[in-house]
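[1] next come a sequence and a model predicted from it.
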Number of protein chains: 2
Amino acid sequence: MTEKKNIAIMGAGLVGSLLSLYLAKRGHKVDLYERRPDLRKNVVDGGRSINLALSDRGWRALKSIGIEEEMRKVAVPMHGRMMHDEQGNLTFQPYGKEGQSIYSVSRSGLNAALMNISEPNPNITYHFSRQATDVDLRTNEIRLRNLETGNNETIQPDLLFGADGAYSVVRGAMQKTERYNYEQSYLEYGYKELSIPPTADGSWAIEKNALHIWPRGNYMMIALPNIDGSFTCTLFFPYEGERSFTTIKSEEGLMNFFNEVFPDAVPLMPDLAKEYFTNPVGSLVTIKCFPWSYQGKSLLIGDACHAVVPFYGQGMNAGFEDITVLDQMLDSFDGDDWQELFEAFEKQRKPNADAIAELAVLNFIEMRDKVADPRFLLRKKIESKISEQYPDRWITLYSMVTFSDLPYSYALETGRQQDEIMKKVMKHIKGIEDYNKPQVQKLLEKQLVKKEKLKKYAAAEV
Amino acid sequence: MTEKKNIAIMGAGLVGSLLSLYLAKRGHKVDLYERRPDLRKNVVDGGRSINLALSDRGWRALKSIGIEEEMRKVAVPMHGRMMHDEQGNLTFQPYGKEGQSIYSVSRSGLNAALMNISEPNPNITYHFSRQATDVDLRTNEIRLRNLETGNNETIQPDLLFGADGAYSVVRGAMQKTERYNYEQSYLEYGYKELSIPPTADGSWAIEKNALHIWPRGNYMMIALPNIDGSFTCTLFFPYEGERSFTTIKSEEGLMNFFNEVFPDAVPLMPDLAKEYFTNPVGSLVTIKCFPWSYQGKSLLIGDACHAVVPFYGQGMNAGFEDITVLDQMLDSFDGDDWQELFEAFEKQRKPNADAIAELAVLNFIEMRDKVADPRFLLRKKIESKISEQYPDRWITLYSMVTFSDLPYSYALETGRQQDEIMKKVMKHIKGIEDYNKPQVQKLLEKQLVKKEKLKKYAAAEV
């Protein structure tokens, strides 16, 4: 029988708030400490990514705790990518099979919902405007400054969870321990949030149920639908270079640039210039570290130990999956050796965190560049056909990541094998009709027979 | 005409001291600030790696400044690896062609020599026992504490060079700048220094002109000769596990272990137990970061920006090569745009620093494990034969790294290509005599014809 613990969670973001529910349901007493004020009472930060793509891994964690249905109501399904070329022509590419979608949700809306659900729980207490100024990992003594009153306090929980994001203070303390492995790497791209407001009659100005992409080679803009009829657009753009945040500095320059490369979007963005010159440029970091825990007293979770770039829409989903995996381990945890538990957790999750980090960077190249290539789109169509013909032997990489709970590391490896096969297949393909050519069918038969391992995993698809 | 600058170098180790000579010869005024006291007046730190393998890249940098001959006198040439198996049987594997050697030198001896040569230079001033406590990269104001007097002083050089090693304070300041890329990764192995003293008649107890290796799968001991007849031994050993620094804790356990796995070494190591229980366990870190410079005011060099594990014997050599490359760039530098210069330098050196970091980790596996494998040694012999037959198309990876100034990144890439070729070749090889089999010769002919790029670089060998 596991003893009930006093647990502190640093960070009351998406992962921290959801984690509190999972821990409280097991009878632990949970205190959450959040640096920011209560977002339910305050205007949300400008410039932070304000909507996210929720997919199967995320839904799974919400479902277990019984809040899936509530969130479905405020989520906008996106069935595929809608590509906009420089002439404003549209191409649609479905994400998965009929009925499979990812969902655009508001970060603050989801966070507020998680808070509203967890706060009434007698085992859960939220503390806002608390900044951790010092963390002693050996004793679990944490000094906190109340940013409203200026007072300091010290807490000493039995267990400490660091759910405090990419710039985690808890990880900062771990970084000072002996032989700590740590990596932070930035893309040479930043992002800027812009918007497309609803039309005069309050509806969506472009296709509602899609993730819109304006792929332009080494940069791109995307747009995700919001429930209120607006879209949140994000421009991913180099910091430096001929066309970059450094060179686009005047309103005239901005409008010339947008009119040239995103002409169909300009009429939909009345506040473009104001937003461009007001909103900050966000940076795109990948964080890797190891270990994630310290002596069975503290554990990092979510972005704090594996922040990824946003291009696979998996940052939040990976954090939520951390919670699912931890919860499964807690199901069979019957004792008090939290060190063993935390070490088993970090060992299982680390390769998957590394894999999604890599996949996310690769998907940036796909989104900004390859999706504008007819040959690439043809390949995607051929892959769909293979997937239809061999449903137990071929799940596309995107589907493995987005619509399954196969380990990310397995998805990455299998994706590489599929890449090799597709290189061979595409040599015989000029158009979609070539899929039925005998040599293509024979090649696939031969290649897929060898993929028994794939078959096993494919059968496990959720 | 480049203006003469006031230059501060943080760190008066091997790279800092040598760099001062190169900068002073161009008329700049150089001040070196070293945290430790003058090593010429003090006992050397116990436990730090006290001899190093100097190879071609290092010699080149010493030669340009006219101190090669002096150092040759105190360096012990090592012509190859001498492997010791568990029965004490010896196998010798030459490093390169006849006459090619790496050289065992004393770290402190080389450092002292560099100080003695540079200190009389009127443009060079050494300041010992100075710890940098604060570095402001925007202004180049550096706060220093004099560790002898306790006084503080502030300096503000025109240019700042961070030659302050793996735990660089200058890099620490860069790590706090926006979007800084940084990685520190530790091996799960530590090292402990031990020794083999000279024999009663003052000579070397084992073969003098070799680097000795006791390869034992997942750990190993090595020994490098010193000029005084002794050897410095280093045990590379896991921190944890069945046989590790954690489990070997008693003198009895230590002696049992050594008698079992290093039986021929034990009689040569009278101080084994004392040294084992007195000397600290060193850690093995790889540091990667980017950029290496800040606004043309400061530049990292050597371990400060690319610390590597010691298994290729290239840490110092890579640092010295940094100086060679910088000096070449300064030859054609005729202006005052140090930012452009520093950016060109870091851009050229970064891929090579990454490559030697990777090669160093790979060589650990080779040294501790593969060199005990007869099949591996046979492959090395076959490679030597290829290299003899096709001197303009095949330089072994070890030779590219150690006996040439080919870029490390080129060596790594070419080594991978050679690996692929050797996999094919070795399928036909049971013994050295099989090298002359027609199918082997035909295969080589075919493979090497394709390697025109190799040929080009091979021709450039120094």
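    Done, it's in.
[2] next SSE downstream of the lengthiest helix in chain A?
    The helix of greatest length in chain A, counted in residues with DSSP state H as the criterion, is given as helix A:338-368. Secondary structure here is assigned by DSSP states H and E; on that basis, the next helix or strand after helix A:338-368 toward the C-terminus is helix A:374-389.
[3] tilt between that following helix and helix A:338-368?
    If you take axes from the mean of the first three to the mean of the last three Cα atoms, to 10 degrees, helix A:374-389 sits at 130 degrees to helix A:338-368.
[4] show me the contact partners of helix A:374-389.
    Judged by Cβ atoms under 8 Å, 6 or more residues apart in numbering or on different chains, the contacts made with helix A:374-389 from elsewhere in the structure are A:91, A:93-94, A:97, A:366, A:370-371, A:394-396, A:399, A:418, A:422, A:425-426, A:429, A:431-432, A:435, A:444. The way it works is simple: take the backbone N, C-alpha and C, and place the C-beta from them, glycine included.
[5] element containing whatever residue of the stretch 251-400 of chain A ends up closest to chain B?
    Nearest to chain B, among the residues of the stretch 251-400 of chain A, is A:Ser283, at 5.3 Å (Cβ to the nearest Cβ). Secondary structure assigned from DSSP H and E places A:Ser283 in strand A:282-290.
[6] list the contacts for A:Leu147?
    Contact criterion Cβ under 8 Å, 6+ apart gives A:Arg35, A:Ser129, A:Arg130, A:Gln131 as the residues in contact with A:Leu147.
[7] one step back: same question for the longest helix of chain A, mean pLDDT?
    Averaging the model's pLDDT scores along helix A:338-368 yields 96.
[8] what is the three-state secondary structure of A:Leu443?
    Using DSSP: H, G, I helix; E, B strand; the rest coil as the criterion, the local structure at A:Leu443 reads helix.
[9] tell me how far it lies from chain B.
    Computed as Cβ to the nearest Cβ, to the nearest Å, the A:Leu443 to chain B distance reads 24 Å.
[10] re the thing from before, helices and strands around the strand holding A:Ser283, which ones?
    In terms of contacts (3 or more Cβ pairs under 8 Å, 6 or more residues apart in numbering or on different chains; DSSP states H and E), strand A:282-290 is packed against helix A:169-175, strand A:181-196, helix A:303-306, helix A:338-368.
[11] circling back: wait, the residue of the stretch 251-400 of chain A closest to chain B touches A:Tyr186, no?
    Yes. Counting by Cβ atoms under 8 Å, A:Ser283 does reach A:Tyr186; the two are 5.7 Å apart.
[12] joint contacts of these two?
    Overlap between the neighbourhoods of A:Ser283 and A:Tyr186 consists of B:Arg179, taking contacts as Cβ under 8 Å, 6+ apart.
[13] which is the next helix or strand following the strand holding A:Ser283?
    Later in the chain than strand A:282-290, the nearest helix or strand by DSSP H and E is strand A:293-294.
[14] mind giving me the packing neighbours of the next helix or strand after that next one?
    Proceeding N to C from strand A:293-294, the next assigned helix or strand is strand A:298-300, under DSSP H and E. Strand A:298-300 is packed against strand A:159-162, helix A:169-175, helix A:338-368, with contacts defined by 3+ Cβ pairs under 8 Å, 6+ apart.
[15] shaky segments in chain A?
    Residues of chain A meeting the criterion pLDDT under 70: A:1, A:43-49, A:449-462.
[16] doesn't A:Val261 make contact with A:Glu86?
    Yes. With contact defined as Cβ under 8 Å, A:Glu86 reaches A:Val261; the gap is 6.1 Å.
[17] more neighbours, the two?
    A:Val261 (17 against 14; other Cβ atoms under 10 Å in any protein chain shown).
[18] if we can go back for a sec, name the strands paired with the strand holding A:Ser283 and say parallel or antiparallel.
    Here strand A:282-290 has these sheet partners by DSSP bridges: strand A:181-196 (antiparallel).
[19] hmm, back to that, quick one: the longest helix of chain A to chain centroid distance?
    Helix A:338-368 has its C-alpha centroid displaced from the chain centroid by 11 Å (Cα atoms, centre = their mean, to the nearest Å).
[20] is it in proximity to chain B?
    No. In terms of Cβ under 8 Å from any Cβ of the partner chain, no part of helix A:338-368 sits within range of chain B; the closest distance is 11.8 Å.
[21] now do the buried residues in that helix.
    The neighbour-count criterion (16 or more other Cβ atoms under 10 Å in any protein chain shown) identifies A:338, A:341-346, A:349-350, A:352-361, A:363-364, A:366-368 as the buried residues of helix A:338-368.
[22] what ranges does the stretch 201-350 of chain A have for its strands?
    A:211-215, A:220-225, A:231-238, A:282-290, A:293-294, A:298-300 (DSSP state E, counting those that start in this stretch).
[23] and those as TSV, adding mean neighbour count?
    Shown next, in TSV, are the strands of the stretch 201-350 of chain A (neighbours: other Cβ atoms under 10 Å in any protein chain shown):
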stretch	mean neighbour count
strand A:211-215	22
strand A:220-225	25
strand A:231-238	22
strand A:282-290	19
strand A:293-294	24
strand A:298-300	26
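[24] angle of the longest helix of chain A against strand A:211-215?
    Between helix A:338-368 and strand A:211-215, the angle formed by their directions is 60 degrees, by the same axes, to 10 degrees.
[25] relative to strand A:231-238, how tilted is helix A:338-368?
    Relative orientation of helix A:338-368 versus strand A:231-238 (the same axes, to 10 degrees): 90 degrees.
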